[in-house]
Structure formats: C-alpha cells, structure tokens
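Trainee: Please find the sequence and the predicted model below.
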Amino acid sequence: MAKILIGKYEGTIYPEEGGYTGAISLGFAPDGRRKRLKRKGKTKTEVKDKLIKAVRDLESGIESPDNYTVRDAVEDWLSKGLKGRDANTVTTNRILADKHVIPLIGKAKLKDLRADDVDEWLDGLTDTLSTRSLQGVHSILKRAIRQAQARDKVLRNVAELVTTPKGRAGRPSKALTLAQATAVLEKAEASPLHAYVVLSLMTGVRTEEARALRWDHVVAWVDDRTGWRSVTEAGFDHKRFAIYVWRSVRAHGDTKTEKSRRTLELPEEVARALRLHHKRQAAQRLKAGKDWQDHGLVFCTRTGAPLDAGNVRRAFRGITRKAGIGEKWTPRELRHSFVSIMSDNGVPIETIADLVGHAGTAVTEKVYRHQLRPVITKGAETMNTIFSQHKSA
C-alpha cells in the first residue's frame, strides 16, 4: 500500500481486483463516519492522475460524475429550466434538442466538452438549418450548460465561447399581387378558412393574433351614446365593425409588443365574412353538442378547440393551389400582401406601421422593405425627373 499526498489531502493506492484503487481521506461526516474519495484504474499512475483531477474538481466546487453527458445536461434543462414557459416554446425546444443536439453531441461527457467540439457540431448543421434555427440549438446548449454550472456539475460554459455561424439562406417572404389576392379570396370562399384569410389579408393582423381573436373582441358601432359593443351582445345588424387586436397565441396571451395592441376598423368584406363565419360556427356548435370546447374563439376547430398553426398552413396551401399560384405560400404572407397592397395604393408608411402594430416606421421598412415599392422607388423617380428637367434646360 503506497501513501500519497495530493495538495492538502493524504491518501493511499493499493491493489484491488486485478488493478489498483486510490483513496483520499476527506475527514469525517457529521455522523462520525469517515469520508473518502475513491478512484480505480489498471495502473498506479492512472489512479493517481484520476485522484489529482478529482481533487482539482473538488477544490473548484465541481461535483460532476464521470458519466454525466451533454445529453444529461440538456435533459435536465428541458425538465427543470423551462418551467412556466409557454407550451409552444417547450415543444419547439424539445424538437430542436431531440433532432439536432442530443443525437449529434449528446454522448460527449460534459466535463470533457471543448469549444472546438461545439464549433464542429454547429458547422455541421450550417447546410441543414437556417441561421435562426442554428441560434436556437446553440442557445439550448448554452442554457443547458449554464444550468449545469449553477449546480456545480461543470466549471466552464464552453458553448458561450463559440459564435453561432450563419446557416443556409431561408426562403424570403413574398407578397400576393392584387390579381393573386383576388384569386385567393375567391377560392377561399369554399374553405372553413375563408374568414381567416379575408381578415388577415385586409387588416394585416399577424397569424398569431388571428388565431387568438375572440368574439368578444369583434365589436360593432351601435350609436353615439352606446359606442362600440361586442357582437356577442350587439349582433351583426350594424354598419361599422372593428376588432380589438389585444391578444395572441404567445405566452400569457400577450401581443408581440405593447404597440401591437391596437383597434382596427374592419372593411365591409371582412365584416361580411365574419358574419357568415359566425352563423356557420353556431351550427357547428350545435352539432358538436357536449364535445364543444367553449374558448370564445373566432377561429377554431369543429369542436371549438384552438387552431393548430400547422393545420392552418396546410389549409392555406390548398387554397393557393386552387387559386393557381402554387403551394409555396404561408399564412404570414397575407400580412406582407396587406403591406404591399396598401403601399401600392399610396398609403403613407406611417399609417401602414400603425395598422400592422409596429412601434415606428423603422421596423416596417426593415421587415417589409420588399413590399414598400412606392417608397423604395421614390428616390429613383425623383432623380429621373430632376435630371430629365436639367438636360432639357
């Protein structure tokens, strides 16, 4: 039995079960029992190296088991680090982790993970994921390791030392022309999604706002004394209607920003579509009977449950296919189309920003720059006029 000294700790290395075992005395526990740290190996040198590393971890406060992996850290974060978060957020993180984190880098021992390992993992995803998705999977790893740090399972967060690379280029959003929009509205008439499409195209609401819209936030102008009243009370026998865009399917039902909370008067076509939709929904409610889930939603399933974003996308693709413009369209592009049509018809960008719920025109110009054709081309038109006049002089 060989005695050793590692730092301030005394220990021994002795033969055991065809190899060697090293033990360091850590004093006594409150119950009087001796506390010992043990490591095993095939040779004395291997055991001593393990004991030195164990002491280093001990002195740094790290208590990570040798078999604690990246997968363990991610699973711990998914189960503990997302408490109270929106269900969609939890689902999105779980999908990204299960598909792109755990299978590809999950087997690595957390304490042995290096920045180079994280770099190689992310670089391997650049041809598969968009930049935004890469940021998402990188964030999962960073937050999982950060939680492990807080629990003294690892000393450094190497994922924080790595810059997220750029991913593959995403498909840019596009807008319907007026002719395409007219065709889509025509083909949507036979779809349960008709009122949803009309509302989204003609008011520019976000898809998450449309899916969260409730009937008590659809209001009618009764008279100067009564003012705006919910259609659930006042009915549809009126001339002017509006919607309170105060909710979304985000966490806690909040809109994207405070400025996003707005009240929009409805075009006549939207009011007609909602009136017909209300009648159809009443019939569905009677048919569903006890199975009806009363969430008060304007747009819902045949039993009143909230609409799934995926189902809305699929139904909308069916409408665009029938309209003869293909299936490579998404519901959010109805909002882009709204901006484009407004801009094409001379509506000022300040007004468009208010309608779509932006805090200022900067966001509108950045996000919808391809749709703001009259604004973007104004400089060229002006310069053409100026220099044409100069040459003629």
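Mentor: Received the coordinates, thanks. Numbers count the residues shown, from 1 in each chain.
Trainee: Now the residue nearest the centre of the chain: which helix or strand?
Mentor: Per Cα atoms, centre = their mean, the C-alpha nearest to the average position across the chain is that of Thr89, at 6.2 Å. Assessed by DSSP states H and E, Thr89 sits inside helix 87-96.
Trainee: residues making contact with the very next helix or strand once past that helix?
Mentor: Using DSSP H and E, the helix or strand that follows helix 87-96 in sequence is helix 102-105. Here helix 102-105 makes contact (Cβ atoms under 8 Å, 6 or more residues apart in numbering) with 70-71, 74-75, 113, 117-118, 121, 124-125, 141. All C-beta atoms are positioned from the backbone trio N, CA, C, and that covers glycine.
Trainee: Count residues in the vicinity of Val245, would you?
Mentor: 23 (other Cβ atoms under 10 Å).
Trainee: Next: Tyr9.
Mentor: For Tyr9, using other Cβ under 10 Å, the count is 17.
Trainee: Tell me where the chain has strands.
Mentor: For the chain, the strands defined by DSSP state E occupy 2-6, 9-16, 19-28, 34-41, 218-221, 228-230, 241-245, 262-265.
Trainee: Can I get the contacts of helix 102-105 in TSV including neighbour count?
Mentor: As requested, the contacts of helix 102-105 are exported to TSV (neighbours: other Cβ atoms under 10 Å):
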residue	neighbour count
Val70	27
Arg71	18
Val74	27
Glu75	15
Leu113	22
Asp117	16
Val118	23
Trp121	21
Gly124	12
Leu125	19
Leu141	26
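Trainee: Let me have these in JSON lines, adding distance to Arg261 and pLDDT as columns.
Mentor: Formatted as JSON lines, the entries for the contacts of helix 102-105 read as follows, by distance: Cβ to Cβ, whole Å; pLDDT from 0 to 100:
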{"residue": "Val70", "distance to Arg261": "41", "pLDDT": "95"}
{"residue": "Arg71", "distance to Arg261": "42", "pLDDT": "95"}
{"residue": "Val74", "distance to Arg261": "36", "pLDDT": "96"}
{"residue": "Glu75", "distance to Arg261": "38", "pLDDT": "95"}
{"residue": "Leu113", "distance to Arg261": "44", "pLDDT": "93"}
{"residue": "Asp117", "distance to Arg261": "45", "pLDDT": "94"}
{"residue": "Val118", "distance to Arg261": "40", "pLDDT": "95"}
{"residue": "Trp121", "distance to Arg261": "41", "pLDDT": "96"}
{"residue": "Gly124", "distance to Arg261": "42", "pLDDT": "94"}
{"residue": "Leu125", "distance to Arg261": "37", "pLDDT": "95"}
{"residue": "Leu141", "distance to Arg261": "35", "pLDDT": "96"}
